[in-house]
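Participant: Below are the sequence and a predicted model for it; my questions follow.
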Amino acid sequence: MNFIKINSTTRSFDVSTVCNALVDILIKVSDDDLSYFKMKKGQMHLVNSQAQSEILAYFSNKTETVELGGSSLNTIRTLAALGSKAMFAGMIANDSFGDQIKSKLHHLKIDGRLTVTAHDATGSCLVLVTSDGERTMNTCLGASRLYDEKSIPVADISTSKIFHFSGYQWDTEGQKKGIIKALDCAKKSQCIISFDLADPFVVSKNKQEFISLTEEYADILFANREESFLLYNLSAEETVQKVAENKSVAVVKLDKDGALIGDENSFIKVPALDTKIIDTTGAGDMFAAGFLYGVLNGVSLESSGKLATILASDVISHWGASVSQHAIDQVISAVESFQK
């Protein structure tokens, strides 16, 4: 299968992104807890600061795990752990969560282009994980909703090999204008543009706009089975074919059934790895990281899919949205073998 060719000109970054700057707060809950708040299991719910505080108060007797969050940021930090040169742009407030994000980016050697506002708090995502490993998210975007086109780091995006973004960023008019500016910059600079649809709720809310974004900008589209159906009202196989007709690469994740990957020349299925599910938080983000790492290293789409399954299977096998060092080493070693 053909691989995606990276622009051969000198580039400062392997991958860059504009994303909601969030911290994730992970809590183990029951199905009854979700029912109490009338949450739809497995989906993301946008909430305001007051609602987030009320939900946190309800779970105040449970143990919390706090991590760096945000869909594209999860992908970026995993690519950084793999040795890729990465840039992250977003908006924070001058508060403890904002300080945690700055500190973590520095620790991970990710170039942070953070805009600071005094008009809201740093965003947070409450990740509620049930015993079956499914995660239900309540996201308070906070300061992230104030991000706009004035903060877009044009110079950094234009010197990136890949620009990656997710549907979660498509919220306020300011954020939308910012993403369009970033995409126009990436397209003009011949960056590979990677679009992760992110969540069924977000796709159903922005269906027509996401179709336009996909067809005008996306070189790579990531979706799961439900998201792909909501976008085009087509099966996973038909979605891959439709995206491929636009001369783009489609990657449709099928959970335990693996993933479908296709371009205008080929269509393959990559099997999932047999894994005991503990927590699915970040699975799609880590899948994207593995796939993009393969693209950056010039391996085939099939091999990139195999790298993606290594990271996705690892992150769901334990608590929290971070991959293990063992999985990182596995992926690096696999790339070396694919390149021989």
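Facilitator: It's in.
Participant: Quick check: phi and psi at Ile152.
Facilitator: phi -70, psi 120 (degrees, to the nearest 10).
Participant: swap that for Gly167, sorry
Facilitator: Torsion angles, degrees, to the nearest 10, at Gly167: phi -60, psi -20.
Participant: Isn't it up against Leu197?
Facilitator: Yes - Gly167 lies in contact with Leu197 (Cβ atoms under 8 Å); the separation is 5.0 Å. Every C-beta, even on glycine, is put in place using the N, C-alpha and C of the backbone.
Participant: so where's the chain shaky on pLDDT?
Facilitator: Within the chain, the segments meeting pLDDT under 70 span 1-3, 8.
Participant: Just the helices from it, written as ranges.
Facilitator: Using DSSP state H, the helices found in the chain span residues 31-36, 49-58, 71-81, 96-107, 154-158, 173-188, 200-205, 207-217, 225-232, 236-245, 283-296, 301-315, 325-338.
Participant: right, and those helices - which one's nearest Leu146?
Facilitator: The closest of these to Leu146 is helix 173-188. By Cβ to Cβ, the value is 6.8 Å.
Participant: For the closest one, which outside residues touch it?
Facilitator: 18, 144-149, 151-152, 154, 157-158, 160, 163, 165, 169-170, 193, 209, 213, 217 (Cβ atoms under 8 Å, 6 or more residues apart in numbering).
Participant: are any of those buried, and which?
Facilitator: Among the contacts of helix 173-188, those classed as buried by 16 or more other Cβ atoms under 10 Å are 18, 144-148, 151-152, 157-158, 160, 163, 165, 169-170, 193, 213, 217.
Participant: Mind checking which of those residues are in strands?
Facilitator: Within the buried ones among the contacts of helix 173-188, residues falling in strands by DSSP state E are Val18, Ser160, Phe163, Phe165, Ile193.
Participant: distance of the nearest residue to Ser324 once chain neighbours are set aside from Thr17?
Facilitator: For Ser324, ignoring the flanking residues on the chain, the nearest one in space by Cβ to Cβ, 6 or more residues apart in numbering is Asp314 at 5.6 Å. Using Cβ to Cβ, to the nearest Å, Asp314 is found at 21 Å from Thr17.
Participant: Please identify which of these two sits among more neighbours.
Facilitator: Thr17 (28 against 22; other Cβ atoms under 10 Å).
Participant: pretty sure that one is touching Phe88, no?
Facilitator: Yes - Thr17 is within contact range of Phe88, at 5.8 Å (criterion: Cβ under 8 Å).
Participant: give the contact list for the nearest residue to Asp24 once chain neighbours are set aside.
Facilitator: Closest residue to Asp24 apart from its sequence neighbours, by Cβ to Cβ, 6+ apart: Gly69 at 3.2 Å. Going by Cβ under 8 Å, 6+ apart, Gly69 touches Leu22, Val23, Asp24, Ser124, Cys125, Val127, Ala321.
Participant: Check the gap between Gly69 and Asn48 for me.
Facilitator: Distance from Gly69 to Asn48, by Cβ to Cβ: 18 Å.
Participant: got it, and Leu230?
Facilitator: 25 Å.
Participant: Of the two, which one has the most company?
Facilitator: The neighbour count for Leu230 versus Asn48, taken as other Cβ under 10 Å, is higher for Leu230 (20 against 10).
Participant: Okay, and the beta partners of Ala250?
Facilitator: Beta-bridge pairing of Ala250 under DSSP bridges involves Leu221, Gly262.
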